[in-house]
Structure formats: structure tokens, C-alpha cells
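[1] build me a model from this:
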Amino acid sequence: MLHLIDHPIWQADDLGKPIPDSPHAVSVCLPTWRDNIGYEELDPRVHDKMTTGYPRFVFNQFCQQLFDEAERQFAQPEEWCLVFPNQSAAQRCAKSLNHSTGSKPSVNNLNSNNAHAVCFGAEFFDLAKQYWQHTGEGISSRQAEACLAGNTGSDGKDAIAKLKQNLASLYAVSSADVFLFSCGMSSLLTLHRAFNELLPGRKSVQFGFPYVDTLKLQEKFGSGVHFLTRGNQADIDQLAELLKAESINGIYTEFPSNPLLLSPDLSKLKTLAVQNDFPIIVDDTIATVVNANLLGSADVICTSLTKFFSGIGDVTGGCLILNPASRFHASLKQSLQSDADLLWGEDAIVLEHNSKGFSERVLQINSKAEALANFLQQHPAIETVYYPKYQQRELYDKFRTSNGGYGGLMSILVKDPENRAAEVYDRLRVCKGPNLGMNYTLACPFTILAHYQELDFAESCGVSRWLIRLSVGMEESDDLIGRFEEALR
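    Residues are numbered from 1 along each chain as shown. Model (predicted):
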């Protein structure tokens with residue numbers, strides 16, 4: 001059993017263990033900087049020990065077993081399979097592969113829990129895997145487990161209804177304006193697809209450096225994207241000039257951004273949106289609705305329920321919150337109806353259970369994170385602390401709720417990072433792996449994990465390859481600060 005808060009120190013043999021200790025864990029232990037590089041370089045030393053990983057990047061054991069079963073049933077020689085939660089998702093994958101390769105993947109009904117397998121030539125596996133990663137539409141581990149066991153599983157209707165009502169209460173909207181999905185990325189894909197249909201032929205705009213797949217999704221699906229990398233006043237001026245020349249189908253931005261924790265000027269973006277008739281989509285996963293009231297400046301809020309809302313790390317989920325005052329509300333709501341509630345019932349049950357006490361947990365995490373950020377901000381070994389309190393605070397504070405804080409996520413850059421970042425990371429005695437928003441602290445060398453094949457590009461956007469991202473949990477502040485003081489000594 002991996003103890004997530006009291007574990008004394010990460011040992012080499014923790015490599016590859018699930019975080020938390022669950023067959024449905026969404027993170028994996030990568031205790032050293034070298035382990036993270038080994039993961040990216042497909043080093044057998046690392047991959048042979050991995051039992052799980054973030055589900056869009058690493059196939060859960062139940063999903064892999066279901067792929068194998070689908071191959072036995074449906075695959076031709078030299079074909080591989082991926083399984084999707086329903087026919088529509090499988091058909092979208094097959095269509096994407098056909099478009100990019102000219103091949104004709106087959107879609108096959110597993111006759112179990114509506115799951116459908118896509119069979120494709122083995123030479124196209126990397127492209128199929130990229131689709132799985134970027135879209136988040138793959139089958140969940142619990143649905144795969146039910147298929148393997150021949151169970152129908154719970155429909156989760158009561159849990160889904162509670163989730164929608166709880167989220168509606170938090171965002172002060174009707175539950176009819178809350179749409180649930182299997183993960184944050186699948187919710188974003190569905191929204192992007194809807195706006196491509198409502199405003200066809202237009203490019204989108206990514207405002208500020210985002211989480212990696214948010215940009216990949218806009219690049220690969222739709223009519224293209226304008227990427228404004230810094231999300232600052234200069235980019236607002238550039239956007240204003242761009243809008244004189246062409247119409248766009250929406251602006252996507254994060255509040256604050258991952259991993260630099262920068263907050264966009266939503267007031268100025270909204271002015272441009274009203275003047276030029278396009279929607280604003282804000283991802284509030286990092287701030288959470290507890291800390292920031294953003295719906296008044298957005299047409300849609302997108303959030304990953306995998307993170308702070310769950311806090312455990314053993315289930316994925318995502319949602320869209322529609323602003324009832326948006327001029328796009330009626331048409332968007334109608335467009336989303338066919339994709340409503342695409343959260344597997346048993347995942348919904350776990351997510352609803354995990355979400356209890358969400359607001360109170362976030363407030364506690366705010367306090368722990370701010371104490372750590374204050375300590376690191378003053379530490380002589382730290383070059384920069386990326387945290388909303390210290391990065392564009394006035395823009396964040398415009399939308400901060402009356403009792404809200406600055407959230408649980410930050411990134412740090414140590415001084416002399418080429419020589420010190422890996423050492424500090426290796427010595428740090430906290431959970432180390434991907435994911436964020438847990439009740440326990442998680443650290444990762446973010447740029448290595450998210451942008452290893454494009455490190456120079458990331459650095460050109462202001463994201464150092466030596467960045468260490470920290471998601472603060474609910475450990476005692478003195479103990480947590482002591483562990484960082486020890487690692488930085």
C-alpha cells in the first residue's frame with residue numbers, strides 16, 4: 001500500500017506504482033528526474049515497471065485486456081484495436097484515421113455495455129494512440145472492467161443527477177446547463193466540435209500557453225488555430241488586429257494557466273468577443289469555482305472533474321457549464337443534447353462520492369499552498385515562483401470569490417536549474433507523478449512530461465524545461481515546508 005501523505009521517502013523500487021493504490025489510479029510514481037526522461041524515451045527500465053499511468057497517455061490494465069479481447073474477436077492479421085465507450089466515439093476515431101491515412105478502419109460492436117472497437121493496421125498505431133490521447137474519448141477503466149466481466153454495471157443515474165445538481169448549485173445555473181463527460185479533454189473536444197458546426201470554416205484562438213492537449217486538439221480538429229503564446233496585453237493587441245481581418249469561432253483560455261499560473265484579462269477579451277460576435281471558453285480547472293467566479297465573463301466554462309473536484313485520483317470526469325446569458329446558449333445547448341451525460345455510471349458513482357466536501361477541501365488546500373508559496377518566494381535557492389499571488393495578481397483578484405484563495409497549483413524554477421533542478425526534484429519527499437488537484441501533494445517535471453519532443457518550442461513560449469510543477473495537498477504546512485526546505489538545502 002502506497003501511503004500518500006505519510007510516506008517517508010520515495011525509494012527507487014516505488015517506480016511504476018499507482019498513485020493512489022487502486023486499479024483505477026490515474027497517476028503513477030516517477031520518483032526521479034531520470035525516471036521521467038526514461039518514461040518519455042520509452043526506456044524499458046521505466047516502462048517495464050509501470051503498472052498504470054494517466055489514462056489518456058497510458059492504457060489502464062483493464063483497457064489493455066479489453067483491446068486484446070477485441071483483437072481476438074475482430075482484428076485481421078496485422079491489425080490492432082482500441083475500444084471506445086460507444087459507437088459514435090468509435091466512428092469518430094475511424095473517420096479521423098481514414099482522413100489521415102487513407103485506410104479504412106472497421107468499427108465493431110462488442111455487444112457489451114455499448115462498447116465498440118476500432119480495428120486498424122498496426123502501422124497506424126501511433127496515430128490511433130494520439131487520437132486516444134488528444135480527444136479523451138477512449139473507454140474508461142471501469143467500463144472496460146465491466147465489459148471484461150460481462151456485467152452491465154450501474155447506470156449511475158442517481159449519481160449523475162446529484163453531480164449535475166451540485167455543479168449547478170456551485171455555478172449558480174440550472175442543472176440543464178450542466179453537461180457531464182468522461183474527462184475534461186472529451187468535454188473540450190465536444191465543445192470544439194459544436195462550435196465548428198455552429199460557426200463553420202473559422203479558426204479558433206488559443207489565448208495563452210495552455211495544457212498541451214488543449215492546443216493539440218485545436219490544431220488537429222477543425223479549421224485550425226491562432227496561438228497567442230503569452231496571453232498578455234501585447235497578445236490582446238495582436239488579437240484585435242487579427243479580428244479586423246477575419247472572424248473566429250471562439251477563444252480558448254485557462255484561468256489561471258497550466259503550468260505558468262498566468263491569468264488572462266477576461267474583461268478585455270469579453271469586450272472583443274461582444275464586438276466581434278464570438279464565444280469565450282474558459283477552463284477553470286486550476287482556479288476552481290470555489291476560488292474564482294468566471295461564468296459572467298465566459299460563454300462556457302470547461303473543467304476537469306478528475307482534479308480538485310474528485311481529489312482522490314481514482315476516477316476521471318469532465319463537465320461543461322453553459323452561461324444562460326450567452327447569445328450562444330440556445331444553439332449550443334441544442335447541439336450538445338446528443339452528447340449529454342457521457343460519463344460511465346460507475347465512474348459517476350465514484351466521482352459523486354469523492355466530491356463530497358469539495359469546497360471545504362479547496363479552501364484548506366488554498367491555505368497550505370499559499371503558505372508553501374510564501375516560503376518558496378523568499379527562499380534563496382528559488383529563482384521564480386509561478387503562482388497567482390505572484391503572477392498578474394490584479395487580474396486574478398478581479399474574479400476571486402469573497403472567501404477564495406489562489407488555488408493549490410504552482411510551479412517553481414530553482415536557481416542554476418541545469419545543475420540543481422533534477423537534484424532538488426529527486427530529494428523532494430512528496431508523491432511524484434502526473435495529475436494535480438489531489439488531497440495529497442504531487443510534484444512533476446512538467447515540461448519534461450508534457451513537451452519532451454518540443455522542449456525548445458516550450459521554452460520559446462516562456463516555459464522552462466527545468467520547471468517543477470507542484471500540486472499542493474492537505475498535509476500539515478510545517479511538515480510540507482520542512483520537506484521542501486530539506487530538498488532545497
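[2] in contact with the closest residue to Gln233 other than its chain neighbours, which residues?
    Closest residue to Gln233 apart from its sequence neighbours, by C-beta to C-beta, 6 or more residues apart in numbering: Asp265 at 7.3 Å. Bear in mind the C-beta positions are built from the backbone N, C-alpha and C, glycine included. Residues near Asp265 by C-beta atoms under 8 Å, 6 or more residues apart in numbering: Gln233, Ile236, Leu395.
[3] please pick the buried ones from the residues you listed.
    Ile236, Leu395 (16 or more other C-beta atoms under 10 Å).
[4] name the nearest of the contacts of Asp265 relative to Leu199.
    Ile236 (21.0 Å; C-beta to C-beta).
[5] can I assume the closest one is in contact with Thr271?
    No. Applying C-beta atoms under 8 Å, one finds Ile236 not in contact with Thr271, separated by 9.6 Å.
[6] which residues of the stretch 251-400 of the chain score low on pLDDT?
    For the stretch 251-400 of the chain, applying pLDDT under 70 flags the ranges 339-341.
[7] any chance you could map the strands in it?
    Using DSSP state E, counting those that start in this stretch, the strands found in the stretch 251-400 of the chain span residues 280-283, 300-304, 318-322, 382-386.
[8] just the buried residues of the shortest one, please?
    Residues of strand 280-283 classed as buried under the neighbour-count rule (16+ other C-beta under 10 Å) are Ile280, Ile281, Val282, Asp283.
[9] export the residues you listed to a markdown table and tack on distance to Gly311?
    Listed next are these as a markdown table, based on distance: C-beta to C-beta, whole Å:
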| residue | distance to Gly311 |
| --- | --- |
| Ile280 | 28 |
| Ile281 | 25 |
| Val282 | 22 |
| Asp283 | 18 |
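[10] closest one of the residues you listed to Leu66?
    The shortest approach to Leu66 among those belongs to Asp283, at 30.0 Å (C-beta to C-beta).
[11] show me the domain layout of this structure.
    Taking automatic domain parsing as the reference, the chain has its domains at 61-139, 157-354, 358-488.
[12] okay, how far is it across the second one, tip to tip?
    Put plainly, it is domain 157-354. End-to-end span of domain 157-354 (C-alpha to C-alpha, to the nearest Å): 16 Å.
[13] how far does it sit from its chain's centre?
    Relative to its parent chain, domain 157-354 has a centroid offset of 12 Å by C-alpha atoms, centre = their mean, to the nearest Å.
[14] where exactly do the helices run in the stretch 101-250 of the chain?
    125-135, 141-149, 157-171, 184-198, 212-220, 233-245 (DSSP state H, counting those that start in this stretch).
[15] of those helices, which is nearest Phe484?
    helix 212-220 (26.1 Å).
[16] got a list of contacts for that closest one?
    So helix 212-220 is in contact with 56, 133-136, 185, 188-189, 192, 204, 206, 224-225, 227, 252, 254, 283, 450-451, going by C-beta under 8 Å, 6+ apart.
[17] quick one, which of these are buried?
    By 16+ other C-beta under 10 Å, the contacts of helix 212-220 give 56, 133-136, 185, 188-189, 192, 204, 206, 225, 227, 252, 254, 283, 450-451 as buried.
[18] buried sites along stretch 235-255?
    Buried-residue list, stretch 235-255, by 16+ other C-beta under 10 Å: 235-236, 239, 242-243, 248-255.
[19] so Gly408 makes contact with Gly437?
    Yes. Judged on C-beta under 8 Å, Gly408 makes contact with Gly437 at a distance of 6.5 Å.
[20] who's more crowded, the two?
    Between Gly408 and Gly437, counted using other C-beta atoms under 10 Å, the more crowded position is Gly408 (33 against 26).
[21] nearest residue to that one in space, please, no chain neighbours.
    By the measure of C-beta to C-beta, 6+ apart, the closest residue to Gly408 outside its immediate chain neighbours is Ile365, 4.0 Å from it.
[22] residues touching that neighbour, list them.
    Contacts of Ile365 by C-beta under 8 Å, 6+ apart are Phe308, Gly407, Gly408, Asn439, Val472, Gly473, Met474.
[23] can you check Lys333 too?
    Ala176, Asp177, Leu322.
[24] compare those residues and tell me which is most surrounded.
    Most surrounded of the contacts of Lys333: other C-beta under 10 Å gives Leu322, at 25 neighbours.
[25] not counting its neighbours along the chain, what's nearest that one?
    Closest to Leu322 by C-beta to C-beta, 6+ apart is Asp177, at 4.2 Å.
[26] wait, the one you found sits on Cys319?
    No. With contact defined as C-beta under 8 Å, Asp177 does not count as touching Cys319 (10.4 Å).
[27] count the residues that sit near Gly102.
    7.
[28] in three-state terms, label the residue of the chain positioned farthest from its centre for me.
    Distance to the chain centre peaks in the chain at Pro77, reaching 35.4 Å (criterion: C-alpha atoms, centre = their mean). Of the three states, Pro77 takes coil under DSSP: H, G, I helix; E, B strand; the rest coil.
[29] for the contacts of Lys333, give me TSV that also has distance to Leu413.
    As requested, the contacts of Lys333 are arranged in TSV below (distance: C-beta to C-beta, whole Å):
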residue	distance to Leu413
Ala176	44
Asp177	40
Leu322	38
